[in-house]
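**Q** just need the structure, nothing else, for what follows:
(chains A and B)
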Amino acid sequence: MKNTIQQKILKELEPKLQELGVAQDQVEFKESLLSQGILDSISFLEFMIKLESVFSTDFDFSELDPTEFTSINGLAELIKQQKETPNPS
Amino acid sequence: MANLFGVFEVSKNNYSHHPALVVDKKTYSYLDLYSGALQMGYLLQKLVGDQIGILASRSYSAYTGILGTLASGKTYVPLNTQFSVFRNQLILDLANIKVLVVDAQGLQYIQKQTSDFSDNLVLVCPEIDEKDISKSIREKFKIYSKSDLKNKLEKPILAEDKDIAYIIFTSGSTGVPKGVPVSHRNVWSYINYLSKRYDLTSEDRFSQVSDLTFDASVHDMYLCWFVGATLYPIPKDVLMAPAKFIRDNQLTTWFSIPSLLLFMKRFKMLKANSFPSIRYSLFGGESLPKDLAIAWQKAAPNSVIENQYGATEITIGLSHYRLPDQEDKIQTHNGIVSLGEIFSTQEYRLINDNNEVVETEGEICLTGSQITKGYWQNEEKSEESYFKFPGDDRIWYKTGDILRLKNENLFYITRKDFQVKVRGYRIELDEINLVVKNFAKVDWVYTLPYPVKNGLADHLYCFIDNTTELSKKDILQHLRKKLTDYMVPKEVVFVKELPLNPNGKIDTKQLIDLIK
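**A** Predicted coordinates:
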């Protein structure tokens, strides 16, 4: 159960992986999805919109360095953090 | 003297130890970059060919490659690792490029598909050691690595004002990209005009957002270096959420396409007073929706905001609309901010289909020091777009954009042809249609942008005659090989027949219903 968030993210990525002919176990969790050629900057942002609804959270990037969350592990960490931070509004 | 390297040299003399470039967390002074350019120039002037390709991200290698090309009196041609190899190789052939300046990213790109590049290329890698270059690349190409850049030009070889500084290739409806050669004089005219319009100093810090294949990068580099300021290229990954970068580096001038703001707004980066350091914000490359402009103004309350209109052929931009302080005074048409007035140094006319001048609404055509003279080795395309009025010896460029003049301001109305913009990139829909049609061997293919909100297109959808045996995946994979990322449609939809409206025209509404 340790990697639940990672697995969920990977599941959402599945349609894209199929399109590219990449198997799930070929995806490197620690490496950026952009440098792995799985997403480009626009499709990454679109993927973030999808993740927002899957994890019912609202991302706030105003204080973040995006290079820290372009990997699956980075994304999992981001989702954990954003869920813990109470929404100020 | 309007030479771009000359411009850089003047600033080098005035601000030698001031930072010219901060990239990959390293700072390069004017003197550092100047020396790098003279080393690069020494090598490039000895190598064959007048056009030098730049296959690099926004890295030190790219800037030193560009400046070094200009220091050797040659012309630079930006390529892009986001493009397919097919497209990059096509540009290499069209522009007759034998020498490429590459960085780590460019080298990685070549490594992945070495056999697709022609054999006689020379690769110049200013930041890479020879031992780090793979055998397959070393065997195929002539390589100059970091240690080969030792000697320097004693002084730069400055091209004449009328000579070409760069060639940028744009989408062409016949399937072959069109090269736009832009002279030193064209760029100098633009930079000189803006440097007088804005109160810029050597203390300014410029954003560099756009890829080098987009001429907004020319604005960033040369306006910055003209005033002795510092250039901050924003890496591609960081661009997805640039708020922290803007604040950490206290950027003072900003130039991007408006659609970047869409994502910034979506992910809560446009909070009130987020970017107090920004003094000037320019938007160009596509329509600027009023609500986005207002959102940006709140995030950057100390900034003057200007909307620019331009095209590669007329050198970056040549109209501006300055946003007034009061929201309700912002001039718009269909929610899109006005393009304002044409630069006082250039001349424009609105014309009808017979090249006759009309008063209030028509295709805008332009002449003046910023207007290029014609496409690169493409007489047919040049004749379609460049022309002269009877009794007037000047060359005018027809943009294909229909504009309206109202209260002394210009407003964007529509395109005359099938060119659309996705995220600032010009796309000829026929270029896509042609590739699909040839591959799938079908009677018709129709591509359209959707959804289009406030003049900004999100995606392309490709409708195709269902007689083909190819799958959606086959077609998309082929397009990825032949075209660039942003030209590849989001979906391919098979349709039995093309729906027509009662006038016999293609009924785009019915097509859109299929993808909703």
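
**Q** which strands or helices does the longest helix along chain A pack on?
**A** As assigned by DSSP state H, the longest helix anywhere in chain A is helix A:4-20. With contacts taken as 3 or more CB pairs under 8 Å, 6 or more residues apart in numbering or on different chains; DSSP states H and E, helix A:4-20 sits against helix A:41-54, helix A:72-84. (Glycine included, C-beta is placed from N, CA and C.)

**Q** export those helices to JSON lines and tack on mean neighbour count, distance to B:Asp248 and mean pLDDT?
**A** Converted to JSON lines, the helices and strands packed on helix A:4-20 look like this (neighbours: other CB atoms under 10 Å in any protein chain shown; distance: least, CB to CB, whole Å; pLDDT from 0 to 100):
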{"stretch": "helix A:41-54", "mean neighbour count": "16", "distance to B:Asp248": "19", "mean pLDDT": "89"}
{"stretch": "helix A:72-84", "mean neighbour count": "17", "distance to B:Asp248": "19", "mean pLDDT": "89"}
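
**Q** which bits of chain A sit near chain B?
**A** Residues of chain A lying near chain B by CB under 8 Å from any CB of the partner chain: A:19, A:32, A:34, A:40-42, A:44-45, A:48-49, A:58-67, A:70.

**Q** go again using 10 Å as the cut-off
**A** Taking CB under 10 Å from any CB of the partner chain as the criterion, chain A approaches chain B at residues A:18-21, A:32, A:34-35, A:37, A:40-46, A:48-49, A:52, A:58-70.

**Q** dump the worst-scoring helix or strand of chain B on mean pLDDT to PDB, keeping only the CA atoms.
**A** Least confident helix or strand of chain B, by mean pLDDT, DSSP states H and E, is strand B:419-422 with a mean of 83. Output in PDB follows, covering the C-alpha atoms of strand B:419-422 (Å, rounded to 0.1, in the frame of the first residue of the first chain):
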ATOM      1  CA  GLN B 419      -3.800  29.800 -40.800                       C
ATOM      2  CA  VAL B 420      -4.500  29.300 -37.100                       C
ATOM      3  CA  LYS B 421      -2.500  29.800 -34.000                       C
ATOM      4  CA  VAL B 422      -2.000  27.300 -31.300                       C
END
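
**Q** so which elements touch the strand or helix carrying B:Lys12?
**A** Following DSSP states H and E, one finds B:Lys12 within helix B:4-14. Where contact means 3 or more CB pairs under 10 Å, 6 or more residues apart in numbering or on different chains; DSSP states H and E, helix B:4-14 is packed against strand B:19-23, helix B:30-46, helix B:60-71, strand B:164-170, helix B:184-197, helix B:216-226.

**Q** buried ones in that helix?
**A** Of the residues in helix B:4-14, B:Leu4, B:Phe5, B:Gly6, B:Val7, B:Phe8, B:Glu9, B:Ser11, B:Lys12 count as buried by neighbour count, 16 or more other CB atoms under 10 Å in any protein chain shown.

**Q** relative orientation of that helix and helix B:30-46 in degrees?
**A** Interaxial angle of helix B:4-14 relative to helix B:30-46 (axes from the mean of the first three to the mean of the last three CA atoms, to 10 degrees): 150 degrees.

**Q** quick one: helix B:4-14 to chain centroid distance?
**A** Relative to the chain's own centre, helix B:4-14 is displaced by 24 Å; criterion: CA atoms, centre = their mean, to the nearest Å.

**Q** with stretch A:74-89 instead?
**A** The chain centroid and the centroid of stretch A:74-89 are separated by 12 Å under CA atoms, centre = their mean.

**Q** roughly how far does B:Lys373 sit from B:Thr367?
**A** With distances taken as CB to CB, to the nearest Å, B:Lys373 is found 11 Å from B:Thr367.

**Q** the two: which has the busier surroundings?
**A** Counted by other CB atoms under 10 Å in any protein chain shown, B:Lys373 and B:Thr367 do not tie: B:Thr367 has more neighbours, with 19 against 15.

**Q** of the residues of chain A next to chain B, grab the buried ones for ChimeraX.
**A** Applying 16+ other CB under 10 Å to these, the buried members can be selected in ChimeraX as follows:
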select /A:20,32,34,40,41,42,44,45,46,48,52,59,60,61,62,64,66,67,69,70
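
**Q** who in the stretch 251-400 of chain B is up against chain A?
**A** Contact residues (CB under 10 Å from any CB) of the stretch 251-400 of chain B with chain A: B:259-260, B:262-264, B:266-271, B:274, B:299.

**Q** hmm, 7 Å instead?
**A** Counting by CB under 7 Å from any CB of the partner chain, the stretch 251-400 of chain B comes close to chain A at B:Phe263, B:Phe267, B:Lys268, B:Met269, B:Lys271, B:Ser274.

**Q** cool, thanks, talk later.
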